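Colleague: Attaching a predicted model along with its sequence, questions to come.
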Amino acid sequence: MATTRPPQDRDSQMQDQHTSPPAVDLRGVTKRFGAVTAVDRLDLTIRSGEFFTMLGASGCGKTTTLRLIAGFDLPTEGQILISGQDVSEVPAYQRPVHTVFQSYALFPHMTILDNVAFPLKVRRLTRAEQRDRAMAALDMVQMGGLADRRPAQLSGGQQQRAALARALVNEPAVLLLDEPLGALDLKLRKEMQHELKEMQRRLGITFVFVTHDQEEALTLSDRIALMQGGRIIQLDTPANLYNAPKTLYAASFIGETNLIPARVIGHDGDTGLVEALGRTRRIEGLAAPAGSAVTLALRPERIRRDAAGEGPEGRLVGIDFIGTDLRLTYALADGTSIVVREQNRGTAIPAIGETTRLGHDDGDLHIFTT
Ligand code: ATP
């Protein structure tokens, strides 16, 4: 591409985040379809140069939010700014964004080169410019050698690369990606995840990514907005979202977790006392009255087999051999089922029926009242 911006290093991208206006700014955005509120009073600032992901279960409003940014739908209420400019009145084709869909949306009768050059043709660039910039975009996604093929002559991964090249050819300020890897098989999907992230780092373009796949979101993103019912319930880095979920929903949606029912048994001043996993826990600031049900969340990889410890005794009732990991399911005396995940270090696999004590650090236990 003749005018491709120079690759930025990570530091200068970070600097940009503080000096340039946000890539996308949603202010009190609501979208209603008849009686359905798909997006509910959303305030969201996406920084320039970040890989931002909207994550959530089907129907949470993530695609609608993306379509509002793209301009395919208009908000019922609220304001949308892109790079500091209010785009509420700007039609989709004039917004400085490009959307990549799961379905690739390539023209089947055109070569890959013509597909990628198409947005430049619409802008009436000269034929030489169209060709040069389309070839440069194809090179960027390692597709330069396949420029003369038609979409049907390419694999799914190659078609998605071509769709990405077409998205990049206009050098959008923001690239919107709606489950772009959803149609690929698992191995290719992992490869493309790596490439996408690499490309985003290199180009410094803001990526706004939509997925329902929590592992994909954790792998790719600088920040993740976890959505439910048209609202963001936690906006955080992948590590914080995983290690310090703020709600029971976040704890159970992101990664595997043991959810253990327990009860408040009393209080000591401001500190609530909860009986769980064979011990009384002191939970500062827990106001729920005695007798209330609470849920403890504990990640499987934070539990260890600890025969000499004081944790509750569990009997092994299930083994999943995952290759890199062992996933062991234990039954406690009260019937609670606890999953333990440990790295496969080649040591002997325990046998079904074996008992052991299960230990964990208190800091790894999260308590939720609802
Ligand atoms: P998925 O992962 O299934 O695409 P999503 O999180 O992207 O789900 P949206 O597509 O944004 O969710 O939909 C949010 C809500 O709005 C859903 O209840 C959906 O049925 C509704 N909805 C979305 N588009 C329309 C429409 N054009 N007309 C009516 N209701 C709609």
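Modeller: It's in. Quick caveat, the model's predicted, so the values are computed rather than measured.

Colleague: burial measure for the residue in the stretch 201-350 of the chain positioned nearest to the ligand, as a count.
Modeller: Among the residues of the stretch 201-350 of the chain, residue 212 lies closest to the ligand, at 5.0 Å counting by CB to the nearest ligand atom. Any C-beta I mention is one placed from the backbone N, CA and C, and that applies to glycine too. Residue 212: 18 surrounding residues under other CB atoms under 10 Å.

Colleague: In contact with residue 134: list those residues for me.
Modeller: Residue 134 sits next to 113, 116, 117, 120, 147, 165, 169 when contact means CB atoms under 8 Å, 6 or more residues apart in numbering.

Colleague: So the fourth one is in contact with residue 168, correct?
Modeller: No. Under the criterion of CB atoms under 8 Å, residue 120 is not in contact with residue 168, lying 11.6 Å apart.

Colleague: before we move on, the earlier item: among the contacts of residue 134, which one has the most neighbours?
Modeller: residue 116 (30 neighbours).

Colleague: So it: helix, strand or coil?
Modeller: The assignment at residue 116 comes out as helix when based on DSSP: H, G, I helix; E, B strand; the rest coil.

Colleague: That one contacts residue 137, doesn't it?
Modeller: Yes. With contact defined as CB under 8 Å, residue 116 reaches residue 137; the gap is 5.5 Å.

Colleague: pull the CA atoms of stretch 253-265 into PDB?
Modeller: The C-alpha trace of stretch 253-265 is given here as PDB (Å, rounded to 0.1, in the frame of the first residue of the first chain):
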ATOM      1  CA  PHE A 253     -18.600 -17.700  31.900                       C
ATOM      2  CA  ILE A 254     -14.800 -17.200  31.700                       C
ATOM      3  CA  GLY A 255     -12.900 -20.500  31.900                       C
ATOM      4  CA  GLU A 256     -13.800 -23.500  34.000                       C
ATOM      5  CA  THR A 257     -14.500 -23.000  37.700                       C
ATOM      6  CA  ASN A 258     -15.800 -25.000  40.600                       C
ATOM      7  CA  LEU A 259     -19.000 -23.400  41.900                       C
ATOM      8  CA  ILE A 260     -19.600 -24.600  45.500                       C
ATOM      9  CA  PRO A 261     -22.800 -23.800  47.400                       C
ATOM     10  CA  ALA A 262     -22.300 -22.600  51.000                       C
ATOM     11  CA  ARG A 263     -24.100 -20.700  53.800                       C
ATOM     12  CA  VAL A 264     -23.400 -17.800  56.000                       C
ATOM     13  CA  ILE A 265     -23.400 -19.100  59.500                       C
END
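
Colleague: Not counting its neighbours along the chain, what's nearest residue 248?
Modeller: By the measure of CB to CB, 6 or more residues apart in numbering, the closest residue to residue 248 outside its immediate chain neighbours is residue 368, 4.0 Å from it.

Colleague: Would you mind measuring from the one you found to residue 314?
Modeller: Per CB to CB, to the nearest Å, residue 368 is found 23 Å from residue 314.

Colleague: cool, residue 350 as well?
Modeller: The spacing between residue 350 and residue 314, counted by CB to CB, is 11 Å.

Colleague: Which one of the two is surrounded by more residues?
Modeller: Neighbours were counted for residue 350 and for residue 314 using other CB under 10 Å; residue 314 has more, 24 against 16.

Colleague: Now the more buried one. Nearest residue, chain neighbours left out?
Modeller: Nearest one to residue 314, counting by CB to CB, 6+ apart, is residue 330 at 3.0 Å.

Colleague: What residues does that neighbour make contact with?
Modeller: By CB under 8 Å, 6+ apart, the contact set of residue 330 is 314, 315, 316, 317, 337, 338, 339, 340, 356, 358.

Colleague: which residues does the residue of the stretch 201-350 of the chain closest to the ligand contact?
Modeller: Shown in contact with residue 212 (CB under 8 Å, 6+ apart): 55, 56, 57, 58, 62, 179.
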